[in-house]
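A.B. asks: Could you work out the structure for the sequence below:
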Amino acid sequence: MNKIVRFHQTGGPEVLALEEVPVPSPGKGEVLIQTHALGLNRAESMFRSGEHGAKPVFPSGIGLEAAGVVESIGDGVTGFNVGDKVSVIPCVPATEYPLHGQHVLAPAYAVVAHSDKLSFKEAAAVWMMFTTAYGGLIEFGSLSQGQTVLIPAASSSVGLAAIQIANMVGARPIALTRTSTKRKALLAAGAAEVIATNEENLVERVGKITNGSGAEVIFDPVGGPVLADLITVAARHAKILLYGRLHPDPAPLDVGQVLFKQLTIRGYDMVEITSDNNRRMEAVDFIRKGLESGDLKPIIDRTFPLEDISDAHRYLEAGNHIGKIVLTVS
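C.D. replies: Numbering: from 1, shown residues only. Predicted coordinates:
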């Protein structure tokens with residue numbers, strides 16, 4: 001039998017349970033993976049609680065990232081052999097291919113071989129964080145050498161990935177965090193500067209750091225009232241990428257500054273990268289090069305055994321982690 005994570009109603013972490021189901025067989029274009037490690041993301045917490053755009057159909061599986069070995073291959077799949085070490089790019093919603101379980105199916109186009117340089121834990125932590133950051137900074141933000149990028153919620157896995165990608169292309173990453181508790185960790189992770197937004201004046205600090213010119217790229221998953229300050233510190237012609245809404249309050253918009261500075265403000269979803277074959281392949285190539293060179297490396301905060309899935313979700317939602325949370329599969 002196959003143990004998978006399922007839930008029968010939306011709610012808190014307590015609704016999650018390990019349930020036994022038959023091991024599935026891969027259909028046309030599918031790969032069956034025996035998992036060794038699973039990535040945990042904020043999107044899964046939102047999906048479980050009913051706050052995500054994709055709505056669960058009960059009983060519902062869950063999970064967007066997995067790493068393991070190929071166990072069997074469906075018709076029409078080429079490029080993989082049984083026993084290959086692989087990981088899964090989050091290309092499809094968990095309503096179609098839930099990945100948190102011992103044996104999981106994935107569409108072949110979402111499966112990639114990973115380097116022996118990566119452990120299974122690291123491989124399970126790669127694709128959500130680096131693909132999200134790549135899309136926002138490189139594909140749509142056009143971040144380049146010498147530019148300054150502001151990264152709110154910088155201690156998240158995506159925030160840390162954004163710091164690494166910024167350094168990889170020669171840009172200057174400025175990490176934003178609520179308090180100074182995580183300052184040393186963010187500097188060690190590669191941030192050029194750290195601003196504790198609850199303790200420091202964001203507008204004054206960015207003005208000093210940039211000599212008044214402002215930041216050319218802003219990569220924000222928070223929104224809310226702080227967006228007004230981000231617009232104030234944006235450089236002329238800056239690009240503001242909004243990829244989340246962690247703050248529940250409405251975000252004010254100073255239309256005058258947007259017009260005067262000729263700012264670009266857009267919503268961004270990683271699916272824009274992963275659902276497009278060309279963009280996905282370019283992202284994979286960029287990230288693989290970074291992993292091989294050592295410029296990119298997933299930072300794992302803590303691991304939990306799959307049996308402790310509810311505790312892992314509680315830890316995620318507490319928000320004290322720095323980096324990725326990974327589940328290990330026995």
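A.B. asks: could you point out the longest helix in the chain?
C.D. replies: Counting residues, the longest helix found in the chain (DSSP state H) is helix 277-293.
A.B. asks: Now that helix: buried residues?
C.D. replies: For helix 277-293, a neighbour-count test (16 or more other Cβ atoms under 10 Å) marks 279, 280, 282, 283, 284, 286, 287, 288, 290, 291 as buried. C-beta coordinates here come from the backbone N, C-alpha and C atoms, glycine included.
A.B. asks: what helices or strands is the helix or strand just after it leaning on?
C.D. replies: Using DSSP states H and E, the next helix or strand after helix 277-293 towards the C-terminus is strand 300-305. Contacts defined by 3 or more Cβ pairs under 8 Å, 6 or more residues apart in numbering; DSSP states H and E place strand 300-305 against helix 120-124, helix 309-318, strand 324-328.
A.B. asks: one more time with 6 Å, if that's ok
C.D. replies: strand 324-328 (3 or more Cβ pairs under 6 Å, 6 or more residues apart in numbering; DSSP states H and E).
A.B. asks: Tell me which strands the strand it packs on pairs with, and in which orientation.
C.D. replies: Sheet partners assigned to strand 324-328 using DSSP bridges are listed as strand 30-40 (antiparallel), strand 300-305 (parallel).
A.B. asks: name the element the most centrally placed residue in the chain belongs to?
C.D. replies: In the chain, the centroid-proximal residue (Cα atoms, centre = their mean) is residue 129; its distance is 3.1 Å. Secondary structure assignment for residue 129, by DSSP H and E: helix 127-134.
A.B. asks: Quick one: mean pLDDT for that helix?
C.D. replies: Here helix 127-134 scores 96 as its mean pLDDT.
A.B. asks: quick check: domain ranges of the protein?
C.D. replies: 2-126+298-328, 129-271 (automatic domain parsing).
A.B. asks: residues contacting residue 272?
C.D. replies: If you count contacts by Cβ atoms under 6 Å, 6 or more residues apart in numbering, residue 272 has none.
A.B. asks: That one and residue 280, how far apart?
C.D. replies: Using Cβ to Cβ, to the nearest Å, one gets 10 Å for the distance from residue 272 to residue 280.
A.B. asks: do the same with residue 99
C.D. replies: Using Cβ to Cβ, residue 99 is found at 17 Å from residue 280.
A.B. asks: I'd guessed residue 101 sits against residue 6; true?
C.D. replies: No - using Cβ atoms under 6 Å, residue 101 makes no contact with residue 6, being 8.7 Å away.
A.B. asks: Would you mind telling me which of those two has the busier surroundings?
C.D. replies: In this view residue 101 and residue 6 are compared by other Cβ atoms under 10 Å, and residue 101 has more residues nearby, 26 against 20.
A.B. asks: Return the backbone torsion pair for the residue lying closest to the more buried one once chain neighbours are set aside.
C.D. replies: Excluding the flanking residues, the one nearest residue 101 by Cβ to Cβ, 6 or more residues apart in numbering is residue 4, at 3.1 Å. In this entry, residue 4 is assigned phi and psi values of phi -130, psi 160 (degrees, to the nearest 10).
A.B. asks: go on, residue 21?
C.D. replies: In terms of degrees, to the nearest 10, the main-chain angles of residue 21 are phi -140, psi 160.
A.B. asks: can you give me the helices for the protein?
C.D. replies: Along the chain, counting by DSSP H, helices occupy 42-49, 120-124, 127-134, 157-168, 183-188, 202-209, 227-232, 255-261, 271-274, 277-293, 309-318.
A.B. asks: follow-up on the earlier one: run the angle between the longest helix of the chain and helix 127-134 for me.
C.D. replies: 110 degrees (axes from the mean of the first three to the mean of the last three Cα atoms, to 10 degrees).
A.B. asks: Show me the shaky parts of the stretch 151-300 of the chain.
C.D. replies: Under the criterion pLDDT under 70, no range of the stretch 151-300 of the chain is flagged.
A.B. asks: The closest residue to residue 327 other than its chain neighbours: neighbouring residues, count only.
C.D. replies: With sequence-adjacent residues excluded and distances taken as Cβ to Cβ, 6+ apart, residue 327 is closest to residue 38, at 4.1 Å. Residue 38 has 34 neighbouring residues, counting by other Cβ under 10 Å.
A.B. asks: Report the rounded mean pLDDT for stretch 5-23.
C.D. replies: Stretch 5-23 comes out at a mean pLDDT of 96.
A.B. asks: how about the CA coordinates for it, as CSV?
C.D. replies: What follows is stretch 5-23, C-alpha atoms only, in CSV (Å, rounded to 0.1, in the frame of the first residue of the first chain):
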residue,chain,number,x,y,z
VAL,A,5,-1.4,12.9,2.8
ARG,A,6,-5.1,13.7,2.5
PHE,A,7,-7.7,15.9,4.1
HIS,A,8,-11.6,15.7,4.1
GLN,A,9,-12.4,19.3,5.0
THR,A,10,-10.6,22.6,4.9
GLY,A,11,-9.2,23.8,8.2
GLY,A,12,-6.0,24.0,10.3
PRO,A,13,-3.1,21.6,10.2
GLU,A,14,-5.1,19.0,12.3
VAL,A,15,-7.2,18.1,9.2
LEU,A,16,-4.2,16.5,7.5
ALA,A,17,-3.8,12.7,7.9
LEU,A,18,-1.7,9.9,6.4
GLU,A,19,-4.0,7.5,4.6
GLU,A,20,-3.3,4.2,2.8
VAL,A,21,-4.3,3.9,-0.8
PRO,A,22,-3.2,1.6,-3.6
VAL,A,23,0.0,2.5,-5.4
